[in-house]
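>>> Quick one, fold the following:
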Amino acid sequence: MDKLFERGLTKELLVLAIDMCSSSKLIEGLAVKNNLVAFDKLLQNLYIWIKSNTKKYNYEIYQFTGDGWILLFPTEKLDGLTLMNFLVKVSQMHNKLRETFIDIHLESMPESTGLTFGVEKGELHKFRLGGEVRYVGHALNVACKLQDAVKQKGPESSINYRGLISRGVYNSILKRSAEISEFKFFDVTRSLRNINPKYRCLRVNLSDFVSSHKTLI
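Okay, here's the model as predicted:
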């Protein structure tokens, strides 16, 4: 066991849970064409992009979830422009890669094929399990449940490149950033199982940035 490994509470971290919509439907459509390698290429190239931007945006890749990732950002120097710029960039990259590797092989596309996000912040308990670094904590639970709750309201086509952000993240990181005035944040409530049946959070839509290829900086 590594004696230098630090267990216990981390400093405050922002947890970003990312998920690819309709991944099971995309996989089924590709399997019919005997072309699952196309989904492999999407994942591999999106991972390369995420990995190559860890220093630029100052985050740790914590976990691959099968059709998405959980990323951890130290909040000490994190500002709203950096966070929103990352969300826009990863959304644009996913859209580009999906169009390149997936869309051309399918006879029909699911209504929702974008990314969804859940964002929360807080201290996490860090430990080692089976030789791997693991985290547990309220912020991790809430971020993952917020990401899943994106699809609770509205038609399936409306969830592409949308996120739910906790009020704590909005008030302390996003609200004070005048540079992100292009984004509209909407107060909403969502049911988060085992946390709060009427959890207040903010919804943000990035689809206009994806379709127009707009950039923040």
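
>>> quick one: pLDDT of V210?
Confidence at V210, expressed as pLDDT, is 93.

>>> Give the burial count for it, as a bare number.
Residues near V210, counting by other C-beta atoms under 10 Å, number 20. Heads up, the C-betas are built off the backbone N, CA and C, glycines and all.

>>> Wait, a strand at it?
No: under DSSP: H, G, I helix; E, B strand; the rest coil, V210 sits outside any strand and is assigned helix.

>>> Report the buried residues of stretch 51-64.
By 16 or more other C-beta atoms under 10 Å, the buried positions in stretch 51-64 come out as 53, 57, 59, 62-63.

>>> Out of the residues you listed, which is nearest to H138?
Nearest to H138 out of these is Y62 (C-beta to C-beta; 15.5 Å).

>>> Could you verify that the closest one is part of a strand?
Yes: under three-state DSSP, Y62 falls within a strand.

>>> any idea how far R134 is from it?
Noted for Y62: a distance of 9 Å to R134, by C-beta to C-beta, to the nearest Å.

>>> Could you do P110 as well?
33 Å.

>>> ditto for S166
In this view, S166 and R134 are 22 Å apart by C-beta to C-beta.

>>> which of those two has more neighbours?
S166 (23 against 14).

>>> Could you save the buried residues of stretch 51-64 as CSV and add columns showing distance to P197 and pLDDT?
Shown next, in CSV, are the buried residues of stretch 51-64 (distance: C-beta to C-beta, whole Å; pLDDT from 0 to 100):
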residue, distance to P197, pLDDT
N53, 36, 98
Y57, 34, 97
Y59, 31, 97
Y62, 28, 97
Q63, 27, 95
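
>>> where do the helices sit along this protein?
Secondary structure of the chain (DSSP state H): helices located at 23-32, 37-52, 54-57, 80-101, 138-149, 167-169, 207-212.

>>> what's the first one in contact with?
Put plainly, it is helix 23-32. Residues outside helix 23-32 that contact it (C-beta atoms under 8 Å, 6 or more residues apart in numbering): 36, 38-39, 66-67, 102, 105-108, 110, 113.

>>> Got a PyMOL select line for the buried ones in these?
Listed next is the PyMOL selection for buried residues among the contacts of helix 23-32, using 16+ other C-beta under 10 Å:
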select buried, resi 38+39+67+102+105+106+110+113
